[in-house]
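Colleague: sequence and predicted structure, then a few things I'm wondering about:
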Amino acid sequence: MVAICGGEIIEEAEIIELLEKNIPDGLLSVAKSRARKVSAEIAPGTIRKAAGTLLSKGARLIVIAAVDAGLDVDLLYHFDLAGKVVVLKVKLGKENPEIDTIADLTPAAEWAENEAAELCGLRFKGHPKPGHLVLSDKFPDGTFPLGKPFKSKLPDEIGPVAEAVITVGATAPISSLEERRRVEAGLPPQPPASYSSESQLKEVHELIRQTNFSRQAGYDWKRKKLRG
Amino acid sequence: MKRYALFLGCMIPQRLPSAELATRKVFNSLGLGIVEMEGYTCCPDPILARLMDRRVALSMSARNLSIAERQGLDVVVLCNGCYETLWEANEFMKRGENSREINELLAKVGRKYKGTINVRHVVEVLYKDVGIEAIKNQVKKPLGLKLAVQYGCHLFREVSGGDIWRKPKQFEELVSATGAEVVRSDVDQLCCGFPTSHVDEEFSLKHNLLPKLERYRHMRVDGIVVVCPACDVQFESGQLALRRYGHKFSIPCLHLVELLALAFGVPAKELSLKFHRSPVAKLAARIG
């Protein structure tokens, strides 16, 4: 399928190329998801660059949809580029749900951002006219009707097990007290498990990263904890 | 000397190191060699961890198996949960095309599992590779005890169409080989309740553990023998937890390898039985 852009025809592949060329570092994935539709996931910090790129080609903002996925809010910026739908997806961590506004680039974003802000608790930095759109001005602060609890999709009972398995490769690692007791018993302080060797644990972490499970579970590698 | 890659799992080194000690002593007495599995991870746990994510669970299991395969050794496990997880993963990986996806993941960390080894429960190794007569020959102190056996749910894991009572019967025979009397009851096959304790501790204590303990007390058993550290934790810590609900029990619970070590004449003090939260040391003192 092809589309007309400023009187010119543009194919899905060209839209993909356009995004790849203009946001090389912020483009996390991009694909033709079906006929007349291109879907891309971009880093939050690149939304103005990405939106600006599409708008400069004559694109029109259709809608911004905000979906609370538990740990993150998925912001889906839908553009119409000469009859084709281009969806820019931004995953916004709920620890700091802030992103640059694009309302100054396209006025159509003004109300859409206001709506996402008041319903899902997002902040649009630099928004020209923040405030309620569909909710009453008297609606209590800090209450977001479409917000969900800050937690992953893992059942509560599995969370601690998942956290331990990702962090040390074991459900029950040895504490310092248990180490002392093992030594008293004539055993090595730790068994030859992955958590007793830095290089082995590094390998286990890489294996888990490769499965993408740590991302799905919302594991924070810096804090060594599950988010939420 | 026949050698095995010893898979200790998570709970034995942490909660039941006396079983780790006993295994080394029993294997040594029987002329079996143990090779450590450097860098092993959780099997992972057959109840909760395997529900997290199929690819994580299988790739971690396959990585564990690859450690033993590099050594060219079968894996021996002391835990029913580890047995089921690793055994099932091994069966999966041995079915050629199934293993491709998991081996692609392993390749990214420089590993491969070809499926050339077997996963063996310690019960199978002792019964089949050593044999009841050889075990009896090592018994220095025949145990005149009346013992209940907790098979544990995962010990019944068997090939499709296989005899699910194969390993539980072997377990009973091994206990009998020490000179102890194995007493049976209608609660033997009831789960100890460990898995459900993660979700509802009170339910697991009252609906799984309590009926078993009441029956065993009524039968005046001297102790309960397990082949799974999770069952052991449930029986030992569970007896203490049941006091909160007005039920007082004091029944010793120990692992099969500890029982064998005692029967083989290993002094109780060499087994660090103080790790137990039930009166296993007192039971050992009776053996002398």
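Modeller: In hand now; what should we look at?
Colleague: now the nearest residue to B:Leu174 once chain neighbours are set aside: how far from B:Gly152?
Modeller: If the residues on either side of it in the chain are set aside, B:Leu174 comes closest to B:Leu126, at 5.7 Å by Cβ to Cβ, 6 or more residues apart in numbering or on different chains. Heads up, the C-betas are built off the backbone N, CA and C, glycines and all. Summarising the geometry, the distance separating B:Leu126 from B:Gly152, computed by Cβ to Cβ, to the nearest Å, is 16 Å.
Colleague: contacts only, for residue 49.
Modeller: Because you didn't say which chain, this covers chain A. A:Asn22, A:Ile23, A:Gly26 (Cβ atoms under 8 Å, 6 or more residues apart in numbering or on different chains).
Colleague: hmm, I had chain B in mind actually
Modeller: Contacts for B:Ala49 (Cβ under 8 Å, 6+ apart) come out as A:Ile158, A:Val161, A:Ala162, A:Val165, A:Thr171, B:Cys42, B:Cys43, B:Ala57.
Colleague: give me the neighbour count for the spatially closest residue to the first one that is not a sequence neighbour.
Modeller: Taking Cβ to Cβ, 6+ apart, and ignoring the residues beside it in sequence, A:Ile158 has B:Leu48 as its nearest neighbour in space, at 5.3 Å. Applying other Cβ atoms under 10 Å in any protein chain shown, we find 21 other residues in the vicinity of B:Leu48.
Colleague: go on, the one 3 residues further on?
Modeller: Counted by other Cβ under 10 Å, the residues lying close to B:Leu51 total 16.
Colleague: excluding chain neighbours, what is closest to the spatially most central residue of chain A?
Modeller: For chain A, the residue nearest the mean C-alpha position is A:Lys91 (2.4 Å; Cα atoms, centre = their mean). With Cβ to Cβ, 6+ apart as the measure, A:Asp72 is the residue that lies nearest to A:Lys91, at 4.7 Å, once sequence neighbours are left out.
Colleague: which residues touch the nearest residue to B:Gly238 once chain neighbours are set aside?
Modeller: Spatial nearest neighbour of B:Gly238, chain neighbours left out: B:Leu209 (4.5 Å); criterion: Cβ to Cβ, 6+ apart. Neighbouring residues of B:Leu209 by Cβ under 8 Å, 6+ apart: B:Cys192, B:Gly193, B:Gln234, B:Phe235, B:Gly238, B:Gln239, B:Leu242.
Colleague: sorry, back to before: and the residue nearest to A:Lys91, how far from chain B?
Modeller: Applying Cβ to the nearest Cβ, to the nearest Å, the value for A:Asp72 to chain B is 18 Å.
Colleague: beta-bridge partners for that residue, please?
Modeller: Beta-bridge partners recorded for A:Asp72 (DSSP bridges): A:Gly93.
Colleague: let me see the contact set for it.
Modeller: A:Lys91, A:Leu92, A:Gly93, A:Lys94 are the contacts of A:Asp72 under Cβ under 8 Å, 6+ apart.
Colleague: for the first one, helix, strand, or coil?
Modeller: Which is A:Lys91. strand (DSSP: H, G, I helix; E, B strand; the rest coil).
Colleague: surely it meets A:Asp74?
Modeller: Yes: contact criterion Cβ atoms under 8 Å: A:Lys91 and A:Asp74 qualify, at 5.8 Å.
Colleague: what's the burial count for the residue of the stretch 151-288 of chain B found nearest chain A?
Modeller: Distance from chain A to each residue of the stretch 151-288 of chain B (Cβ to the nearest Cβ) is smallest for B:Ser272, at 3.7 Å. Using other Cβ under 10 Å, B:Ser272 is surrounded by 20 other residues.
Colleague: how about the one 4 residues further on?
Modeller: Using other Cβ under 10 Å, the number of residues around B:His276 comes to 24.
Colleague: which non-adjacent residue is nearest it?
Modeller: Counting by Cβ to Cβ, 6+ apart, the residue nearest B:His276 is B:Glu236, at 6.2 Å.
Colleague: do the same with B:Leu65
Modeller: On the basis of Cβ to Cβ, 6+ apart, the spatially nearest residue to B:Leu65 that is not a chain neighbour turns out to be B:Tyr113, at 5.2 Å.
Colleague: so what's the residue count around the one you found?
Modeller: When neighbours are defined as other Cβ under 10 Å, B:Tyr113 has 25 of them.
Colleague: which residues does it contact?
Modeller: B:Ala62, B:Arg63, B:Leu65, B:Ser66, B:Glu69, B:Met93, B:Ser99, B:Ile102, B:Asn103, B:Leu106.
Colleague: in these, find the pair that's most separated.
Modeller: In those, the most distant members under the criterion Cβ to Cβ are B:Glu69 and B:Ile102, with 13.5 Å between them.
Colleague: just to revisit the earlier point, now the contacts of A:Asp72 in JSON lines, with distance to B:Lys167 and pLDDT?
Modeller: Below are the contacts of A:Asp72 laid out as JSON lines (distance: Cβ to Cβ, whole Å; pLDDT from 0 to 100):
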{"residue": "A:Lys91", "distance to B:Lys167": "48", "pLDDT": "95"}
{"residue": "A:Leu92", "distance to B:Lys167": "52", "pLDDT": "95"}
{"residue": "A:Gly93", "distance to B:Lys167": "48", "pLDDT": "92"}
{"residue": "A:Lys94", "distance to B:Lys167": "48", "pLDDT": "93"}
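Colleague: you'd agree A:Thr53 is up against A:Ile23?
Modeller: Yes: applying Cβ under 8 Å as the test, A:Thr53 and A:Ile23 come out as touching, 6.9 Å apart.
Colleague: more neighbours: these two, which one.
Modeller: Of the pair A:Thr53 and A:Ile23, A:Ile23 is the one with more neighbours under other Cβ under 10 Å, namely 22 against 18.
Colleague: A:Leu61: what secondary structure?
Modeller: Secondary structure assignment for A:Leu61 (three-state DSSP): strand.
Colleague: and what of the one 5 residues further on?
Modeller: Taking three-state DSSP as the rule, one finds A:Ala66 in the strand state.
Colleague: the contacts of A:Asp72, buried ones only, as a ChimeraX selection?
Modeller: Applying 16 or more other Cβ atoms under 10 Å in any protein chain shown to the contacts of A:Asp72, the buried members can be selected in ChimeraX as follows:
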select /A:91,92,94
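Colleague: how does chain B divide into domains?
Modeller: The record's domain split for chain B, according to automatic domain parsing, is B:3-122, B:131-287.
Colleague: now do chain A
Modeller: A:2-100, A:159-226.
Colleague: which residues in chain B form strands?
Modeller: Listed in chain order, the strands of chain B (DSSP state E) span residues B:3-7, B:33-36, B:75-77, B:119-121, B:146-150, B:181-183, B:223-226, B:253-255.
Colleague: redo these as JSON lines? Include mean neighbour count.
Modeller: Putting the strands of chain B into JSON lines (neighbours: other Cβ atoms under 10 Å in any protein chain shown) gives the following:
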{"stretch": "strand B:3-7", "mean neighbour count": "23"}
{"stretch": "strand B:33-36", "mean neighbour count": "14"}
{"stretch": "strand B:75-77", "mean neighbour count": "27"}
{"stretch": "strand B:119-121", "mean neighbour count": "25"}
{"stretch": "strand B:146-150", "mean neighbour count": "22"}
{"stretch": "strand B:181-183", "mean neighbour count": "16"}
{"stretch": "strand B:223-226", "mean neighbour count": "26"}
{"stretch": "strand B:253-255", "mean neighbour count": "28"}
